[in-house]
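Trainee: missing the sequence, but the structure's below:
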């Protein structure tokens with residue numbers, strides 16, 4: 001438990017004002033905020049909206065998931081032993097939302113993990129009732145049991161039509177157009193997920209038509225491939241973030257994306273060499289881009305197809321690329337100096353027996369002023385401003401379960417590091433004078449300790465708000481997007 005929580009228990013009878021308790025609890029990891037619900041009446045009242053403003057409801061077990069943006073959870077049955085407990089908690093939570101209007105007002109963001117294969121009648125009924133009582137700003141739907149159908153969308157519109165700003169839609173059937181956007185005039189982020197690519201072509205096209213025709217076009221759009229005609233003028237001027245999440249089987253070019261001249265962030269997943277020819281032919285396009293993520297289908301994508309494009313991006317602060325041991329081949333040092341958030345996935349190269357030289361070369365080329373880094377191996381000590389580091393593959397660069405704590409033990413007192421990750425394990429770094437025994441039983445002093453690991457469900461269904469302890473925007477959440485397969489040990493063959 002965070003030492004600050006222990007302090008709160010000691011102060012629970014103190015007459016501190018509500019506002020001061022608010023400031024204290026805002027500094028705690030989410031798990032410790034939940035622990036504060038049982039401290040005292042005033043601390044409970046402060047913690048309640050912090051804990052339940054964002055909720056994830058679970059139906060069934062993740063091992064039945066079939067969602068290309070998340071994972072194929074076929075190997076997760078042993079890790080998901082508490083699925084039954086989570087399902088019972090979901091039932092109680094949804095019932096409480098219906099029965100307690102004041103509690104319902106606290107819930108602003110809901111994620112639904114719908115994996116109740118093959119039947120989900122009771123779960124669907126509970127969800128319908130709860131949605132009519134909520135005023136959500138975000139509704140993210142994963143899985144298809146129960147499927148996202150017209151009844152669920154209607155209940156969502158009835159409760160959250162005027163307030164919804166973010167919507168994740170799995171295309172499992174052809175919903176009427178009216179259920180997509182006309183009911184949500186304030187929608188800003190639209191995430192379209194194709195679960196059954198062959199059977200939902202009509203649904204995807206209908207959905208994209210709605211995006212193009214919407215009177216309130218989204219600021220962020222995530223979809224499988226660029227299945228659209230000429231974008232409307234409203235969408236051209238409004239769209240800020242675009243994600244194409246499954247380009248591997250798309251045989252056309254991506255020239256249509258160049259029409260979004262005000263784009264700030266571009267993510268290309270499963271890209272092949274011919275997809276990137278548009279970037280090579282028009283290196284000065286998308287001049288306002290400040291974030292670029294490329295996860296190619298294979299490492300035969302020549303860096304020359306996109307390096308000139310990146311070198312023209314004067315505002316680039318986020319970069320995440322795969323198969324790039326030598327960053328200098330992609331973007332020169334003077335351009336790298338502006339990068340604050342960086343991800344470098346070496347793919348199969350990182351697992352080669354002679355990878356040491358590759359890691360050393362990469363580490364030498366990494367910018368010193370990074371605030372967040374996703375990588376296989378890297379030195380932390382020479383990057384004093386680094387606030388978050390995540391080692392991509394679980395256990396690969398760690399050398400054992402104690403690696404993260406040993407890493408923290410070696411941090412200098414003035415270190416800026418706030419969050420560390422190793423595969424699917426994520427922990428906050430907390431400043432606290434303490435001592436502990438190392439693996440050989442020798443006592444070691446430390447100015448930093450690690451929080452309890454994030455729950456696996458939080459890591460998987462993460463939201464920008466989960467990183468709020470570090471007071472960052474969506475930089476860190478953006479960095480982890482589309483790395484789930486490597487993080488959870490389900491990496492595709494290179």
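Mentor: Okay, I see it. Fair warning: this is a prediction, and the values are worked out from it, not measured in the lab.
Trainee: how about residue 319, what does it touch?
Mentor: 291, 292, 293, 310, 331, 339, 341, 342, 343 (CB atoms under 8 Å, 6 or more residues apart in numbering). Every residue, glycine included, has its C-beta placed from N, CA and C.
Trainee: quick one: least confident of those residues?
Mentor: When those are compared by pLDDT, residue 331 scores lowest at 68.
Trainee: Are we agreed that residue 269 is in a helix?
Mentor: No: counting by DSSP: H, G, I helix; E, B strand; the rest coil, residue 269 falls outside a helix, being strand.
Trainee: So it versus residue 467, what's the distance?
Mentor: 22 Å (CB to CB, to the nearest Å).
Trainee: Inside strands: which ones of the contacts of residue 319?
Mentor: 291, 292, 293, 341, 342, 343 (DSSP state E).
Trainee: Which residues does the last one form beta bridges with?
Mentor: Applying DSSP bridges to residue 343 yields these beta-bridge partners: residue 320, residue 374.
Trainee: okay but it is in contact with residue 481, surely?
Mentor: No: in this structure, residue 343 is not within contact of residue 481 by CB atoms under 8 Å, at 9.5 Å.
Trainee: Overlap of the contact sets of these two?
Mentor: Contacts common to residue 343 and residue 481, judged by CB under 8 Å, 6+ apart, are residue 293.
Trainee: And the two? Which one has more around it.
Mentor: residue 343 (25 against 19; other CB atoms under 10 Å).
Trainee: which residues does the more buried one contact?
Mentor: Counted by CB under 8 Å, 6+ apart, residue 343 has contacts 293, 319, 320, 321, 373, 374, 375, 479, 483.
Trainee: Nearest to residue 170, out of these: which one, please.
Mentor: residue 483 (20.4 Å; CB to CB).
Trainee: residues near the closest one, how many?
Mentor: Residue 483: 21 neighbours (other CB under 10 Å).
Trainee: how many other residues sit next to the closest residue to it other than its chain neighbours?
Mentor: Leaving aside its sequence neighbours, residue 483 sits nearest to residue 392 (CB to CB, 6 or more residues apart in numbering; 6.4 Å). Residues near residue 392, counting by other CB under 10 Å, number 25.
Trainee: Look up how far residue 338 lies from residue 392.
Mentor: 23 Å.
Trainee: now residue 308: how far from residue 134?
Mentor: Residue 308 is 48 Å from residue 134, by CB to CB.
Trainee: Residue 477 too?
Mentor: Taking CB to CB, one finds residue 477 at 23 Å from residue 134.
Trainee: Of those two, which one has the most company?
Mentor: It is residue 134, of residue 477 and residue 134, that has more neighbours when counted by other CB under 10 Å, with 23 against 15.
Trainee: which SSE is the residue nearest to that one when sequence neighbours are not counted in?
Mentor: Of all residues not flanking residue 134 in the chain, residue 159 sits nearest, at 4.8 Å (CB to CB, 6+ apart). With secondary structure defined by DSSP states H and E, residue 159 is part of helix 150-160.
Trainee: Please point out which parts of that helix sit buried.
Mentor: 152, 153, 154, 155, 156, 157, 159, 160 (16 or more other CB atoms under 10 Å).
Trainee: what does it rub up against?
Mentor: 124, 127-129, 131-137, 139, 146, 164, 175-176, 179, 183-184.
Trainee: Is it possible to mark the buried ones in these?
Mentor: 124, 127-128, 131-134, 136-137, 139, 146, 164, 175, 179, 183-184.
Trainee: any low-confidence regions in the stretch 201-350 of the chain?
Mentor: Along the stretch 201-350 of the chain, segments meeting pLDDT under 70 span 201-218, 227-233, 298-300, 323-335, 348.
Trainee: my read: residue 170 touches residue 142, true?
Mentor: Yes: checked against CB under 8 Å, the pair residue 170 and residue 142 is within contact range at 7.2 Å.
Trainee: Format the contacts of residue 319 as TSV; extra columns: distance to residue 427.
Mentor: Shown next, in TSV, are the contacts of residue 319 (distance: CB to CB, whole Å):
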residue	distance to residue 427
291	26
292	28
293	24
310	32
331	31
339	25
341	19
342	21
343	19
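Trainee: Could I get the contacting residues of residue 366?
Mentor: 327, 342, 344, 373, 375, 378, 383.
Trainee: residue contacts, the last one?
Mentor: Read that as residue 383. 366, 368, 369, 370, 373.
Trainee: now swap in the second one and tell me
Mentor: Residue 342 makes contact with 318, 319, 320, 366, 367, 370, 372, 373, 374, 375 under the criterion CB under 8 Å, 6+ apart.
Trainee: mind checking how far the second one is from residue 155?
Mentor: From residue 319 across to residue 155, the span is 41 Å (CB to CB).
Trainee: Give the buried residues for stretch 109-117.
Mentor: Quick answer for stretch 109-117 (16+ other CB under 10 Å): 109, 110, 111, 112, 113, 114, 115, 116, 117.
Trainee: nope, stretch 95-110 is what I was after
Mentor: Buried, per 16+ other CB under 10 Å, within stretch 95-110: 97, 98, 103, 104, 106, 107, 108, 109, 110.
Trainee: which pair in those residues spans the largest distance?
Mentor: So, the buried residues of stretch 95-110 by CB to CB: farthest apart are 98 and 109, at 18.2 Å.
Trainee: Would you mind confirming that residue 87 is in contact with residue 94?
Mentor: No: with contact defined as CB under 8 Å, residue 87 does not count as touching residue 94 (10.9 Å).
Trainee: between those two, which one's more packed in?
Mentor: Ranked by neighbour count (other CB under 10 Å), residue 87 and residue 94 place residue 94 first, with 22 against 17.
Trainee: quick check, the more buried one in a helix?
Mentor: Yes: using three-state DSSP, the assignment for residue 94 is a helix.
Trainee: Isn't it up against residue 125?
Mentor: No: using CB under 8 Å, residue 94 is not in contact with residue 125; the gap is 9.4 Å.
Trainee: which one of the contacts of residue 342 is nearest residue 25?
Mentor: residue 372 (24.9 Å).
Trainee: contacting residues for the closest one?
Mentor: 340, 341, 342, 386, 387, 388, 389, 390, 475, 476, 479.
Trainee: Could you measure from the second one over to residue 266?
Mentor: Pointing back at residue 341 there. With CB to CB as the criterion, residue 341 and residue 266 are 14 Å apart.
Trainee: Check the last one too.
Mentor: For residue 479, the distance to residue 266 equals 15 Å [CB to CB].
Trainee: ditto for the first one
Mentor: In this structure, residue 340 lies at 17 Å from residue 266, with CB to CB as the measure.
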